[in-house]
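In: Structure, please.
(one chain, ligands or ions: 1)
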Amino acid sequence: MAGYVEGVDRGQATLFPDRLKDFVDEQNPVRVFDAFVDALDLRELGFARAVPATMGRPGYHPAVLLKLYVYGYLNRIASSRRLEREASRNVELMWLTGRLAPDHKTIADFRRDNGEAIRRVCAHFVLLARKLGLFSEAVVAIDGSKFKAVNNRDKNFTAAKMARRLAEVEAAIARYMAEMDGADDAEPAGEVRIEHLQEKLAALHAHMAELKVIDEQLRAAPEGQVSLTDPDARSMNARGSGIVGYNVQAAVDAEHHLVIAHDVVTSGSDRAQLSAMGKAAKDVIGYESLEIVADRGYYSGPEVLTCEASGISAHVVKPVTSNAVAGGRFGKGDFNYDPSRDSYRCPAGEELTHRSTANEDGQTIRLYWTNGCGACALKARCTTGSQRRVRRWEHEHVLEAMEERLARRPELMRLR
Ligand code: SF4
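Out: The predicted model follows:
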């Protein structure tokens, strides 16, 4: 192909063959993973097989598998099958492992058997990153992912599901008893049928006894759920469908995407996780102050307040949950709060003053309204009642300050 850049002839022999290290230059990050893992005391960190077996077929050194794992983690190759494939065709991995290519089961077993030790390695890695000044921006993104447990939905019980199951079994027992009464009258052909029904009834009674035991456990369970196969798993919503699993929380450095802190929680909601994850990340990074970014699912006044008290500046967009806005009427954002007068100015220019205070779920809520709504030309766009009332949480200034921060730096939300 004259006129084009030409490649090497595949059959060409070379006098001085290429060496693996020729493909991995001095600046390649895999050299950092290699040096990092080699510097770890794997036995002290608790890795299985850190001491070679004296008998049997030699296994892979945990350092080889750990390098493979760290490489996969930092290059977003989570699947053990993909890592197996990459190990035999990716020149960086060939260099890193010395051309060893463990099969996917070995990789998966290594991950499963060394979970605790791998977590300690993560902590070491974060410390190293901190020493290298990689957390200079001190902006951390927090997010949660739902992972399915081994437990299937049939083996998970909530109070509502238990009530449904008990009612179903009771209805089935009643049905079989009625059938037995009918079979009694149809002697002698009914005898065989009665025997069959009695077996069914005995099985149902046994099932009912099992359900009663689980029901007892359910009543004692603080979160109102019992999972039989995987006791820590919980029923939760993941992307619109129900799963039984875990909610894995991660705090990730926004610049380098390093996982700084992680946790596994059994609550399906992220609403109560913001301050705990923010504090965990701040402790690891070791800074006096920290900025955190999270999606709407984390929006919670008390959580933002706790963050503020811990030197953590939260950035979470407020979800739209207002019935007024959904109905096409003015939202709370259309009312301007004046801290000097402790009052709101409505779109019609009326002043809504503080009239009463209520306690809702342990939170102090202040209520504001005006007597001018009855004669207001905008009333149809404002309220369906006789008067529009605006609610204000006693610490609402914390949420207002967060909104102002977000308005000043909208690019922060893209970091998520
Ligand atoms: S209805 Fe009341 S609160 Fe709403 S705009 Fe009119 S005066 Fe203001």
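In: The most centrally placed residue in the chain: what's it in contact with?
Out: For the chain, Gly144 is the residue whose C-alpha lies nearest the centre (C-alpha atoms, centre = their mean; 2.3 Å). By C-beta atoms under 8 Å, 6 or more residues apart in numbering, the contact set of Gly144 is Asn247, Val248, Gln249, Ala250, Val265, Asp270, Gln273, Gly297. C-beta coordinates here come from the backbone N, C-alpha and C atoms, glycine included.
In: Can you give me the distance of it to Ser269?
Out: For Gly144, the distance to Ser269 equals 9 Å [C-beta to C-beta, to the nearest Å].
In: I'd say Trp95 and Arg19 touch.
Out: No - contact criterion C-beta atoms under 8 Å: Trp95 and Arg19 do not qualify, at 9.6 Å.
In: So for these two, which sits in the more crowded spot?
Out: Taking other C-beta atoms under 10 Å, Trp95 and Arg19 do not tie; Trp95 has more neighbours (19 against 9).
In: Ramachandran angles for the more buried one?
Out: With angles defined as degrees, to the nearest 10, Trp95 sits at phi -70, psi -40.
In: Let me see the contact set for it.
Out: By C-beta under 8 Å, 6+ apart, the neighbours of Trp95 are Leu20, Lys21, Phe23, Val24, Val30.
In: if you set the cut-off to 6 Å instead, what comes out?
Out: Residues near Trp95 by C-beta atoms under 6 Å, 6 or more residues apart in numbering: Leu20, Val24.
In: Quick one, grab the pLDDT at the nearest residue to Val317 once chain neighbours are set aside.
Out: Distances taken as C-beta to C-beta, 6 or more residues apart in numbering put Arg296 closest to Val317, at 5.4 Å, once the chain neighbours are dropped. For Arg296, the model assigns a pLDDT of 93.
In: any idea how far Arg296 is from Ala251?
Out: Where Ala251 is concerned, Arg296 sits at a distance of 17 Å (C-beta to C-beta).
In: Show me what the mean pLDDT comes to for stretch 369-386.
Out: Per-residue pLDDT over stretch 369-386 has a mean of 95.
In: which residues make contact with that stretch from outside it?
Out: Contact with stretch 369-386 is made by Arg329, Phe330, Pro347, Ala348, Glu350, Leu352, Arg355, Gln387, Arg388, Arg389, as judged by C-beta under 6 Å, 6+ apart.
In: just how off-centre is the longest helix along the chain within its chain?
Out: The longest helix of the chain (DSSP state H) is helix 190-220. From the chain centre to the centre of helix 190-220 is a distance of 39 Å (C-alpha atoms, centre = their mean, to the nearest Å).
In: Alongside the ligand, which residues does the protein contribute?
Out: Contacts of the chain with the ligand, taken as C-beta under 6 Å from any ligand atom, map to 346-348, 350, 370, 372-373, 376, 378-379, 382-383, 388.
In: give me that answer again for 8 Å
Out: Residues of the chain lying close to the ligand by C-beta under 8 Å from any ligand atom are 330, 335, 346-350, 352, 369-370, 372-373, 376-379, 381-383, 387-388, 390.
In: where does this protein dip in pLDDT?
Out: 1, 50-51, 53-56, 135-137, 148-152, 184-192, 229-230, 238-241, 415-416 (pLDDT under 70).
In: Pretty sure Leu352 sits in a strand.
Out: Yes - applying DSSP: H, G, I helix; E, B strand; the rest coil, one finds Leu352 inside a strand.
In: Check the burial of it by counting its neighbours.
Out: Residue crowding around Leu352 was assessed by other C-beta under 10 Å; the count is 23.
In: OK, contacts around it?
Out: Tyr344, Cys346, Tyr368, Trp369, Thr370, Val390.
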